[in-house]
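Trainee: take a look and give me a structure for this.
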Amino acid sequence: MMGTESQEVERKVLFILKIVNESQDPVGARIIARRLQEYGIDLTERAVRYHLKLMDERGLTRLEGRDGRLITEQGVEELNSALVRDKVGLVLSRIEMQAFQTSFDWKTGKGQIPMNFSLFPKKDFGKAVSVMAPVFKAKLCAGDRVAVAREGEYFGDLIVPEGKVALGTVCSVLVNGVLLKAGIPMDSRFGGILQIRNKQPRRFVELIHYAGSSLDPSEVFIRGKMTSVKKAARSGNGKILSNFREVPAICRPIVEEAMEGLLKAGLRGVLLMGKTSEPVCEIPVEINKLGMILIGGMNPIAAAEESGIEAENKAMSAIVDYEDLIEFEELLK
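Mentor: Numbers count the residues shown, from 1 in each chain. Okay, here's the model as predicted:
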């Protein structure tokens, strides 16, 4: 029994460490308690403070200010060597959670949508925008709308540090969320790199299954410099970020209607939808299912990275009100 209890404590410590590690600034018990609920852990602020005190004593975190915590080098090591069981599948649970939190209704043009978050140095932001422009023009992104936050402003739960600009790009999990609200079950299979030839999707050249991953595939591919999004936007030939999903074939009319609705709202998700039970871009599809390829929301960020402009990226990091978004074109003015 004691073993199970101590394992449960370690699990809570791991998630608290993860939250502290993801925050750019010292983070307090109130925000940690709120973020823990996303992982299905219900702790009061007081309980979080108790855990933080013990974590300070173990050298995993350190106090900064009145209640803020920062992760220590030892804490980062602990997080990296944490229980594999707890790390595996984190991406899949995050997709499901963000899909559930998506409330956007394409009929009214209102509601909240999932966003990716990228933090650029202020001095590089103008250049990044001009590099990303052809990608938006070629529609190699999950939507024409973006969110921008400057230093000191909030982006979801995150506050933008000094000397940085945050850019939010629409996340393809939006499609999961919209279809979930329409009662359509969706199987999220993997994130991958899709080869584009003559502006047409050909085949996946790399893929990472969500179920076995603790890292978002897009972040991995961008960091590994494995894309050629700029080339794909310019010439119609290149390698872009994409995601693979399956839905029941019987739902096709509802899926098509929802995708048309999203397009009218300046949002897009589906690059290609296959025929019943037929492979899509050489990926086999289950019987009575449709294979769908979703456009990776972070393709514009990948293009910036290809140009040597580095950003701190966090996929699926915030839920933002659609009415707070602006058209990317406005950044070019």
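
Trainee: buried stuff in the helix or strand harbouring A33?
Mentor: Per DSSP states H and E: A33 is located in helix 29-38. With burial defined by 16 or more other Cβ atoms under 10 Å, the residues of helix 29-38 counted as buried are A29, I31, I32, A33, R35, L36. (Each C-beta comes from the backbone N, C-alpha and C, glycine too.)

Trainee: of these, closest to T61?
Mentor: T61 lies nearest to I32 out of the buried residues of helix 29-38, by Cβ to Cβ, at 10.3 Å.

Trainee: surely that closest one is in contact with K18?
Mentor: No - applying Cβ atoms under 8 Å as the test, I32 and K18 come out as separate, 10.1 Å apart.

Trainee: I'd like the buried residues of helix 29-38 as a markdown table, with pLDDT and distance to S228 appended.
Mentor: Output for the buried residues of helix 29-38, formatted as a markdown table (pLDDT from 0 to 100; distance: Cβ to Cβ, whole Å):
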| residue | pLDDT | distance to S228 |
| --- | --- | --- |
| A29 | 91 | 45 |
| I31 | 91 | 38 |
| I32 | 93 | 40 |
| A33 | 91 | 43 |
| R35 | 88 | 36 |
| L36 | 88 | 39 |
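
Trainee: where do the helices sit along the chain?
Mentor: Assigned helices in the chain, in chain order: 2-22, 29-38, 45-57, 73-80, 84-87, 90-101, 122-137, 173-181, 217-223, 229-235, 252-264, 299-306 (criterion: DSSP state H).

Trainee: so which of those is the most surrounded?
Mentor: A comparison of those by mean neighbour count, using mean count of other Cβ atoms under 10 Å, puts helix 299-306 on top with a mean of 27.

Trainee: what helices or strands is it leaning on?
Mentor: Here helix 299-306 touches strand 112-121, helix 122-137, strand 164-170, helix 217-223, helix 229-235, strand 238-248, going by 3 or more Cβ pairs under 8 Å, 6 or more residues apart in numbering; DSSP states H and E.

Trainee: only alpha carbons, please: show that helix as CSV.
Mentor: Output of helix 299-306 as CSV, limited to C-alpha atoms (Å, rounded to 0.1, in the frame of the first residue of the first chain):
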residue,chain,number,x,y,z
ASN,A,299,4.3,25.1,-40.6
PRO,A,300,4.8,28.9,-40.6
ILE,A,301,7.0,28.5,-37.5
ALA,A,302,9.0,25.7,-39.3
ALA,A,303,9.6,28.2,-42.2
ALA,A,304,11.0,30.8,-39.8
GLU,A,305,13.3,28.1,-38.2
GLU,A,306,14.5,27.1,-41.7
